[in-house]
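**Q** Sequence and computational prediction follow.
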Amino acid sequence: MRVGLFVTCVNDALYPRTGIAVVKLLERLGVEVGFPAGQTCCGQPQFNTGYRRETEPLVRRYDREFAPYDYVVTPSGSCAAMVRDNYPRIGRKAAAEHRGHELADAAARSVPKTYELTEFLVDVLGVVDVGAYFPHSVTYHPSCHGLRMLGLGDRPRRLLDAVRGLELRELEGAEECCGFGGTFAVKNADVSAAMGEDKVRNAVSTGADVLCGADNSCLMHIGGILRRQDAPLRALHLAEILASTEEEPHA
Amino acid sequence: MSGTYLGMPSFPKAAREAVHNETLRGNLRHATHTIRDKRAKAVAELADWAQLREAGKQIKDRTLRHLDEYLVQLEESVTAAGGTVHWAADGDEANRIVAGLVKATGEREVVKVKSMATQEIGLNEALEAEGIAAYETDLAELIVQLGEDRPSHILVPAIHRNRGEIREIFARTMSEWGRPAPEGLTDSPAELAEAARLHLREKFLRAKVGISGANFMVAETGTLVVVESEGNGRMCLTLPETLISVVGIEKIVPTWQDLEVFLQTLPRSSTAERMNPYTSTWTGTTDADGPQDFHLVLLDNGRTATLADEVGRQALRCIRCSACLNVCPVYERAGGHAYGSVYPGPIGAILSPQLRGTESEIDASLPYASSLCGACYDVCPVAIDIPEVLVHLRERVAGQGGRGHRLEKAAMKAAGWVLNHPAALAAGERAASRTRGLHPKRLPGAAAWTDSRDLPELPPEPFRDWWKKNRT
Ligand code: SF4
């Protein structure tokens, strides 16, 4: 099984620890991980802001870079959703504009092998207990794209439930959007901040040490509010919790 | 659409005020959360919800594909049943037709059934300009009218008002419109409802002309259908001598059998009821029973243009249940008025820019009034993929250029180049990481972000450098 890591641009530049955690976690589970250096970004920021044509080179690039792999794994629900839901749309629209089927074919190759991390662990590797140890109280925020576009369901929670030492706390209004939404956070800053502040209020009231999620872009927004408010909990990507063990605990 | 909204500021500007209005946010939060929880229970009762949703979608899509044929069939059935059909290309034409019909009766006042279509075209204001008083009879619509306010929700136009505010509006204004509110009116729901009942009764018994919209029109028989909770609509549909219905052309269903699907999905999605308390149907005229003169005004007002857009046309499936408003986190904070239209919330964000075009400031901003969280698509009983249409319309807005978008396009192009040259991207990331001590936490340029959030700290090295050092 050849697995390529799609680390995503946000993780590459801002959250390398998440990428490192995925590599260590997958290797611990016996998976050989590759990282094609020509990868960049899934194109979601451009696509969702209305610049579809600008994302086309990235659809081609994704297809080309991951061609040698059986699976692509990414620690980002929204980037996985971009590939699975929007690459085919980009392909269809290009074909409808009489520009051939090349993009549609690239999408058709990319979609079936692209997995969000928790899907890959549960559905492909068939593991729920990944041998992690994380002695903290944790509350989980399911990001919208993972929740609704990918339908991750209870996979992340089942993985967290199996972590030794971890105490999972219910988050009120868990399924409500945190207000990030890519450029929405800038274009509609007031509404975005109001949504984020409500999310933070609910997270703080759980009394947990850690707010965990499977998408660093949402965590960047929530974490930014947490830090601004000096809130007593920190945002952390799920992969870093799953990578943490007794021998090598999360720092 | 209604002139009331002309010159509205963009959504972000209009929303800012609402976001900081604690009373408004409290009212909206309470109302939307209550109804959304009830809806979820009502929907969960049906084992075949997914099939009903799919059926509703299919019926609407098939009807829209053959809309021209069904409209002709409808006109024939209505005419055969003794009614008269009028065609209106836009709001002005519809208003002219209705005003003319009212004037022909010699009347100076009309009672109205709650209707989105007549709000869309600003009918009340148009009639007023002709010296005709239009009285809203739906309770929430009455509150909005008496309060000289604008509706902020499809189903509950006064959702932004609490009981105390409603009591104050009734006590202050009812006397100007007819029967005054009873002395010593309190804010108990029963007393408020009774005050409205007494006030409206006078109007029902006097009015000679009724004006309605319709939830559905059945092509095979020319029947119109209104579903409601209060029964006030039924009074307006049966008591007056003349009935004028103004209906958007997309409201057709081919047969009575098709109604079966929507009469299950609409009430559960909108009021979380298994069935609407009142379902009224009327077909043309009947001797010595109900209105003796019936007119149907078929309204286009941007609908055929919407139909021509392959992605955007799904907005015409909408049955105005308002479920998408009640789950929308943006609507909950921004309130209905910020959407600058009688159609607020997620459906408004895709419908208004299609019906009106994307030229005005407000219409160009509406496709961006969403975090694309997808909650609206999940609840929509006719499976309108609202996020898909939003992104589709963003493409249209970004393409037309205009304020802000030229800079944005240049930035997107530059980013696009970097993202297609991994070496340049890696160099940029590396440079940023090395100079990370110099990056201030609150960037002046990134004000919109850093007003309420800190920027993340830059890591010592990007992932790709870690990989190079440790795995190759
Ligand atoms: S878009 Fe769907 S959920 Fe929203 S009002 Fe229309 S039918 Fe209801």
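**A** Arrived safely, thanks for sending. This structure is a prediction, so every number in the text was calculated from the model and none was measured.
**Q** Going by C-alpha atoms from here, please, whenever you check contacts or count neighbours.
**A** Noted.
**Q** Could you check how many residues crowd around the residue in the stretch 1-150 of chain A that chain B sits nearest to?
**A** Closest contact between the stretch 1-150 of chain A and chain B, by C-alpha to the nearest C-alpha, is at A:Gly50 (3.8 Å). Neighbourhood size, A:Gly50 [other C-alpha atoms under 10 Å in any protein chain shown]: 24.
**Q** what residues are up against residue 205?
**A** Because you didn't say which chain, this covers chain A. Shown in contact with A:Ser205 (C-alpha atoms under 8 Å, 6 or more residues apart in numbering or on different chains): no residues.
**Q** that's the wrong chain, I meant chain B
**A** Taking C-alpha under 8 Å, 6+ apart, we find B:Leu205 in contact with B:Leu239.
**Q** That one: helix or strand, and which one exactly?
**A** Using DSSP states H and E, B:Leu205 sits in helix B:189-206.
**Q** in that helix, what's buried?
**A** Across helix B:189-206, burial judged by 16 or more other C-alpha atoms under 10 Å in any protein chain shown covers B:192, B:195-196, B:199-200, B:203-204.
**Q** Using JSON lines, lay out those together with pLDDT and distance to A:Leu166.
**A** Formatted as JSON lines, those follow (pLDDT from 0 to 100; distance: C-alpha to C-alpha, whole Å):
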{"residue": "B:Leu192", "pLDDT": "94", "distance to A:Leu166": "53"}
{"residue": "B:Ala195", "pLDDT": "94", "distance to A:Leu166": "58"}
{"residue": "B:Ala196", "pLDDT": "93", "distance to A:Leu166": "57"}
{"residue": "B:His199", "pLDDT": "95", "distance to A:Leu166": "62"}
{"residue": "B:Leu200", "pLDDT": "93", "distance to A:Leu166": "61"}
{"residue": "B:Lys203", "pLDDT": "92", "distance to A:Leu166": "66"}
{"residue": "B:Phe204", "pLDDT": "92", "distance to A:Leu166": "65"}
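**Q** which of those lies closest to chain A?
**A** B:Leu192 (32.8 Å).
**Q** does that closest one really touch B:Thr186, like I thought?
**A** Yes. Using C-alpha atoms under 8 Å, B:Leu192 is in contact with B:Thr186, at 7.4 Å.
**Q** list the residues that contact both of these two?
**A** By C-alpha under 8 Å, 6+ apart, B:Leu192 and B:Thr186 have these common neighbours: B:Arg167.
**Q** near chain B, anything from stretch A:71-81?
**A** No. Contact of stretch A:71-81 with chain B (C-alpha under 8 Å from any C-alpha of the partner chain) is absent, the minimum separation being 10.3 Å.
**Q** tell me which residues of that stretch are tucked away?
**A** Buried residues in stretch A:71-81, defined by neighbour count with 16+ other C-alpha under 10 Å: A:71-81.
**Q** can you check stretch B:258-277 too?
**A** Neighbour counts over stretch B:258-277 (16+ other C-alpha under 10 Å) mark B:259, B:261-262, B:264-276 as buried.
**Q** from those, which is closest to chain A?
**A** When the buried residues of stretch B:258-277 are compared for distance to chain A (C-alpha to the nearest C-alpha), B:Ser269 wins out at 18.8 Å.
**Q** Where does that closest one fall, secondary structure wise?
**A** Using DSSP H and E, B:Ser269 sits within helix B:256-270.
**Q** ok so, going back, now the phi/psi pair for the residue of the stretch 1-150 of chain A closest to chain B, please.
**A** Backbone torsions for A:Gly50, taken as degrees, to the nearest 10, come to phi 110, psi 10.
**Q** Can you give me the first-to-last residue distance of stretch A:161-179?
**A** Start and end residues of stretch A:161-179 are separated by 26 Å (C-alpha to C-alpha, to the nearest Å).
**Q** Helix, strand, or coil at the closest residue in space to B:Leu351 that isn't next to it in sequence?
**A** Nearest residue to B:Leu351, sequence neighbours excluded (C-alpha to C-alpha, 6 or more residues apart in numbering or on different chains): B:Ala315, at 6.2 Å. Three-state call for B:Ala315 (DSSP: H, G, I helix; E, B strand; the rest coil): helix.
**Q** So what's the residue count around B:Ala315?
**A** A count of neighbours around B:Ala315, defined by other C-alpha under 10 Å, yields 22.
**Q** So for it, what's the pLDDT?
**A** For B:Ala315, the model assigns a pLDDT of 98.
**Q** what does B:Ile159 give?
**A** Predicted confidence (pLDDT) at B:Ile159: the value is 83.
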